[in-house]
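Enquirer: predicted structure and sequence below. I'll ask about it afterward.
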Amino acid sequence: MTTPRRRLVVASILLVLEAVFFALFVTESVAGAIVAVGFTCLALWLHVVLHECGHLVVAKLLRLQVIAVRIAPFTGWRSEVSVRPAPSATALPLRMVLFYLGGPLTNLCTATVLGAATALMGTPLTRVALIGAALAAALLGLVNLVPWTSPHSDGRNLLRWLSAPTATTAALRAAYYQEEINRTLRTITHGEFDDGHAGDPVLDGNDPRLALVAFQRRWSTGHGHSTADLIADAERLAALARADSTDPRAAAAIGQVLSVQFGLWYLYAAVVTRSPVAHREVLEIWELAQLGYHVQPHRLSARVAMSLAHLLNQRPEHARSLVLDVQPGIDPADLCSVAFLLRAIAECHLGNHADADAHVRAAGGNFRQLTQVVAATQAADPVPPMFAPAPMAAT
């Protein structure tokens, strides 16, 4: 049994025992106490349902995209309503605050109604049952508003959106951008390797193919721990790609994955956050992209990785030349979209904004965050540098 489930069982037992003693004290009847406690437990389940319904109703009213609803009280799983808000939505912080308040306020309103109803009831048993149900609703609502009860509590999310709305929106946008990168990486490696035997994350001496699959699995599913871990795993994977014993096709796949994973983030840093990386980082992307391009120069994934490396090295003509021959319907759709958007960025650097618009339209709307990178590049005057200038030597 996991630790959260163990805590849930202990809390439930204590709640039931407390309710039994309270009901016995008031009703002085074992049968009445059992009925009151049973009603309270049933009410707690209903309050969980009402809590999630409160979130769901607010999400629908505020036109937040609902992607999942899970109600699983007393199972150890987290009940939740998951939404996917658009980072560019009007008044997004206010909408998210209201969304996270929806559940707890529903519980508190229910507790108020039940508490008021106790004054209208005549029998002690009915009053005890209603008081228990009201307390359960109030506790559920108040506990969810405490930021430190859980990293996923409504209170923790409210605190994030209230205290740092700009940073939270930026983090949301970055998370969606990483999802787009993951889609691109899955397309690059699709059909390359059988991931059925992938085990531990990247380790020195692992088979390069399994190491690449493990790397993608770890970081595309959120099982990684920190940026430092990501960089360490990537460095070990890059060392495998450079090893003389590594099969060229495996080295090519590793080079494409790493250059796209980090290259797209370097592009985002340069254009969106205006914090370009050092030129040596760009040269590393260049080296990794070449591993794939030398082995598979006609493959679109290799050309996309090399085009990205040229963009970061501020060579837009070369970047454009590598993605001129994109064949929708023959090449993978996601790679085609990324290729069109990279070409649009190259056209922006060359001053061809009409051509950039045409390629954004050709890309479709499946890569919204990368499209925003194109839009930010078009709006910038002058075009932002792709890497930071080298520091001046002291004289």
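Expert: Now that the structure is in, tell me what you want to look at. Numbers count the residues shown, from 1 in each chain.
Enquirer: residues contacting the nearest residue to residue 380 once chain neighbours are set aside?
Expert: Beyond its immediate neighbours in the sequence, the residue positioned closest to residue 380 (Cβ to Cβ, 6 or more residues apart in numbering) is residue 271, lying 7.3 Å away. Bear in mind the C-beta positions are built from the backbone N, C-alpha and C, glycine included. Residues counted as contacts of residue 271 (Cβ atoms under 8 Å, 6 or more residues apart in numbering) are 373, 376, 377, 380, 384.
Enquirer: write a PyMOL command that selects only the buried members of those.
Expert: To isolate the buried ones among these in PyMOL, judged by 16 or more other Cβ atoms under 10 Å, type:
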select buried, resi 373+376+377
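Enquirer: now, the contacts of residue 271 that are in helices?
Expert: When helices are assigned by DSSP state H, the members of those inside them are 373, 376, 377.
Enquirer: now these in JSON lines, with pLDDT and distance to residue 118?
Expert: Written out in JSON lines, the entries for these read as follows (pLDDT from 0 to 100; distance: Cβ to Cβ, whole Å):
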{"residue": "373", "pLDDT": "96", "distance to residue 118": "58"}
{"residue": "376", "pLDDT": "95", "distance to residue 118": "58"}
{"residue": "377", "pLDDT": "95", "distance to residue 118": "63"}
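Enquirer: dump those to JSON lines, plus distance to residue 177.
Expert: JSON lines is the format used below for the ones in helices among the contacts of residue 271 (distance: Cβ to Cβ, whole Å):
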{"residue": "373", "distance to residue 177": "8"}
{"residue": "376", "distance to residue 177": "12"}
{"residue": "377", "distance to residue 177": "15"}
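Enquirer: after the helix or strand containing residue 288 comes which helix or strand?
Expert: Secondary-structure assignment from DSSP states H and E places residue 288 in helix 279-295. Once the chain leaves helix 279-295, the next helix or strand it forms, by DSSP H and E, is helix 300-312.
Enquirer: could you say what helices and strands that next one packs with?
Expert: Identification of packing neighbours for helix 300-312 by 3 or more Cβ pairs under 8 Å, 6 or more residues apart in numbering; DSSP states H and E yields helix 165-189, helix 248-271, helix 279-295, helix 316-322, helix 333-349.
Enquirer: can you do 7 Å?
Expert: Counting contacts by 3 or more Cβ pairs under 7 Å, 6 or more residues apart in numbering; DSSP states H and E, helix 300-312 packs against helix 248-271, helix 279-295, helix 316-322, helix 333-349.
Enquirer: could these go into JSON lines alongside distance to residue 49 and mean pLDDT?
Expert: As requested, the helices and strands packed on helix 300-312 are arranged in JSON lines below (distance: least, Cβ to Cβ, whole Å; pLDDT from 0 to 100):
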{"stretch": "helix 248-271", "distance to residue 49": "41", "mean pLDDT": "95"}
{"stretch": "helix 279-295", "distance to residue 49": "50", "mean pLDDT": "94"}
{"stretch": "helix 316-322", "distance to residue 49": "54", "mean pLDDT": "96"}
{"stretch": "helix 333-349", "distance to residue 49": "39", "mean pLDDT": "96"}
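Enquirer: nearest to residue 161, out of those?
Expert: Evaluated over the helices and strands packed on helix 300-312, closeness to residue 161 peaks at helix 248-271, with 22.5 Å, by Cβ to Cβ.
Enquirer: show me what counts as buried in the closest one.
Expert: Taking 16+ other Cβ under 10 Å as the neighbour-count basis, helix 248-271 is seen to contain the buried residues 250-264, 266-271.
Enquirer: done for today, thanks.
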